[in-house]
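[1] Next comes the sequence, and after it the predicted model I'd like to discuss.
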Amino acid sequence: MVTVAIAGILLVTGAPALQNFSRLQQMKAAVNTLQNDLMMSRSSAVHLNTRVVACPGTPGAGCSDSTDWSGGWIVFADNNADRQRQAGENLIRRGQQTEQMLILSNAGRTRIRFLPDGSAPGSNSSITFCGPGGPAQARKLVISNVGRIRRDAAPTLDLSLCPT
């Protein structure tokens, strides 16, 4: 009886910690996946000597005009520089839909374009990751004009992007 009581106490006190750990791991996995896909986009642009675009969307529908990357994303060689994927343009990567997580880019940059020199022209862009943990556990990727991709713990996070 004592063993069952101790097991019950451990289960009750350990379940929230396990749930929090699981949320943090999902956040890390989502940030890692998109960061790796963006870094691969940049290196593909340099290696293939062509423009490469990463955008929210699906291979069948192409890029969406939304800032929401939660439904997945695509990376493709943009041979004609129109920032839309046509049938003849090589699909390099497809990012999967994320569960219980909101991934939003800033409104000015719904597509991230890398040039053959590795730069990402335009204004700096950021992609915010919000999960069930709210703003305290939010993360952000920042893409600079020179193509550098870095992580940020989102200290300057717009709270409207990440509801509590």
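    That came in fine, so what should we check first?
[2] okay, CA-based contacts and neighbour counts for the rest of this
    Noted.
[3] the helices in the chain, which residues?
    With DSSP state H applied, the chain shows helices at 2-48, listed in chain order.
[4] Under the pLDDT cut-off, which ranges of it? List them.
    In the predicted model, the chain carries pLDDT under 70 at residues 11, 14-15, 153-161, 163-164.
[5] Check this protein for me, the residue farthest from its geometric middle.
    Met1 (48.4 Å; C-alpha atoms, centre = their mean).
[6] how about Ser70, what does it touch?
    Listed by C-alpha atoms under 8 Å, 6 or more residues apart in numbering, the contact set of Ser70 reads 56, 97-99, 101-104.
[7] how about a markdown table for these, with neighbour count and distance to Glu89 added?
    What follows is those, written out as a markdown table (neighbours: other C-alpha atoms under 10 Å; distance: C-alpha to C-alpha, whole Å):
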| residue | neighbour count | distance to Glu89 |
| --- | --- | --- |
| Pro56 | 26 | 16 |
| Gln97 | 16 | 22 |
| Thr98 | 16 | 25 |
| Glu99 | 11 | 29 |
| Met101 | 21 | 30 |
| Leu102 | 19 | 28 |
| Ile103 | 26 | 26 |
| Leu104 | 21 | 25 |
